[in-house]
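Undergrad: sequence and predicted structure, then a few things I'm wondering about:
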Amino acid sequence: MSDVSYTVEEIAKLLKISKLTVYELVKKGELPAYRVGKQMRVDNVDLDAYKRRSKRARHSAYASAPAPGSLSAAGLSTVAPSAARQLVITGQDVSLDLLARQLEKAAPGYRPLRSYASSMDSLVAMYRGEADIVSTHLLDGDTGEYNIPYVRKLLIGSSWTIVNLLARRAGFYVREGNPLGLADWTSLRGRSGLRVANRERGAGARVLLDEQLRLHGIEPSSLLGYETEHTNHLGVAGCIASGDADFGVGHEKAARLVGGISFIPLAVERVDLVMLKKGNAEWIEAVLRILRSDSFRGELQAMGGYDLTQTGQVLYET
């Protein structure tokens, strides 16, 4: 049964504990997990290993006084925490991989894990206790503000901080030479048969498109392929290059990686990190030091396509 895996809900039922307890075990590294799409899963072999450790802890309690990793004074089974606490970093930009590598060196008591989720899914994961550092670039069309309006709505009752990671240009991916002459958002109005390669719901690029369609009075149903979703920028860009769609929305860097397309800049999107403050002061300080360091900035500048003017600046705190 080594190829069997379980969802968080299934683990909670099997162990007769709450889902929040399962998330806490995952975050502490006591129960290894990984993400498949929007679901977090635990392999059967890892579940069995956790159960064996728990049984050993219970048996040892009969021979000795309560101690970490054995029965507590209340008679509840606990497991000694692992040497390094796991920090789940969500988001798709390559800058987050760089952050994870530097954080592993700068904060040896923590083990960064990467999850490649969309902006909205990342915030929902944080609300559920599944993520520690969330990357988001969500435009609120009514205010023109990025991220803060969404964080306020989703993380109600939590104490959090928002710090800038970077800024980057977003816009249209079109076929090379822009044969349809798509110059701005109004170019999408009244274009019969215009085909779009769309991102999944909750992605920053999808929110940017949806907000602009709403603000410019353009019906999403007027765009062919609107309901067909791609899970990353490269997928959208590749769809344009292959001729399967006329345009898509994404950031400039992905456009540089795919031949046969042109990029039409329309917005500068702010990519921020969201971190919950309660009990996390130590590693949050480590993150801030990395973001403000010459080594981190130097590596991002070498990649090109990023505006680092506000990188490391705390933009909002509760």
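TA: Arrived safely.

Undergrad: longest helix anywhere in this structure?
TA: Looking across the chain with DSSP state H, the single longest helix is helix 44-61.

Undergrad: helices or strands up against it?
TA: Counting by 3 or more C-beta pairs under 8 Å, 6 or more residues apart in numbering; DSSP states H and E, the packing neighbours recorded for helix 44-61 are strand 5-7, helix 8-15. The C-beta positions use only the backbone N, C-alpha and C, and glycine is treated the same way.

Undergrad: partners of the shortest one, with directions?
TA: Strand partners for strand 5-7, identified by DSSP bridges, are recorded as strand 39-43 (antiparallel).

Undergrad: tell me where the model's unsure across this protein.
TA: 1-3, 20, 27-28, 37-38, 57-83 (pLDDT under 70).

Undergrad: hey, where'd the helices end up in it?
TA: Along the chain, the stretches classed as helices by DSSP H are 8-15, 19-28, 44-61, 94-106, 119-127, 148-154, 204-215, 233-241, 252-257, 281-291, 294-303.

Undergrad: specify the angle between the first one and strand 39-43 in degrees.
TA: Between the axis of helix 8-15 and that of strand 39-43 there is an angle of 40 degrees, by axes from the mean of the first three to the mean of the last three C-alpha atoms, to 10 degrees.

Undergrad: how about the helices and strands packed on helix 44-61 in CSV, adding distance to residue 170 and mean neighbour count?
TA: Formatted as CSV, the helices and strands packed on helix 44-61 follow (distance: least, C-beta to C-beta, whole Å; neighbours: other C-beta atoms under 10 Å):
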stretch, distance to residue 170, mean neighbour count
strand 5-7, 34, 18
helix 8-15, 33, 16
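
Undergrad: what's the closest of these to residue 290?
TA: Nearest to residue 290, of all the helices and strands packed on helix 44-61, is helix 8-15, at 29.9 Å by C-beta to C-beta.

Undergrad: which residues are in contact with that closest one?
TA: Outside helix 8-15, the residues within contact range by C-beta atoms under 8 Å, 6 or more residues apart in numbering are 6, 18-19, 21-23, 31, 33, 39-40, 42, 47, 51.

Undergrad: number of nearby residues for residue 152?
TA: 13 (other C-beta atoms under 10 Å).

Undergrad: and for residue 177?
TA: Going by other C-beta under 10 Å, the residues that sit close to residue 177 add up to 10.

Undergrad: from residue 264, how far out is it?
TA: In this structure, residue 177 and residue 264 are separated by 11 Å, where distance is defined by C-beta to C-beta, to the nearest Å.

Undergrad: repeat for residue 187
TA: Summarising the geometry, the distance separating residue 187 from residue 264, computed by C-beta to C-beta, is 9 Å.

Undergrad: how about residue 55?
TA: Here the criterion is C-beta to C-beta. By it, residue 55 lies 61 Å from residue 264.

Undergrad: more neighbours: which of those two?
TA: With neighbours defined as other C-beta under 10 Å, residue 55 and residue 264 compare such that residue 264 has more, 19 against 11.

Undergrad: hmm, residue 175 and that one touching each other?
TA: No - distance between residue 264 and residue 175: 11.2 Å, which falls outside the contact criterion (C-beta atoms under 8 Å).

Undergrad: can you select the buried ones among the contacts of helix 8-15 for me in PyMOL?
TA: Here the buried members of those are turned into a PyMOL selection, burial being counted by 16 or more other C-beta atoms under 10 Å:
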select buried, resi 6+19+22+23+31+33+40+42+47
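
Undergrad: any chance of the contacts of helix 8-15 in TSV, plus distance to residue 195?
TA: Shown next, in TSV, are the contacts of helix 8-15 (distance: C-beta to C-beta, whole Å):
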residue	distance to residue 195
6	40
18	46
19	41
21	47
22	42
23	40
31	44
33	38
39	31
40	34
42	40
47	45
51	51
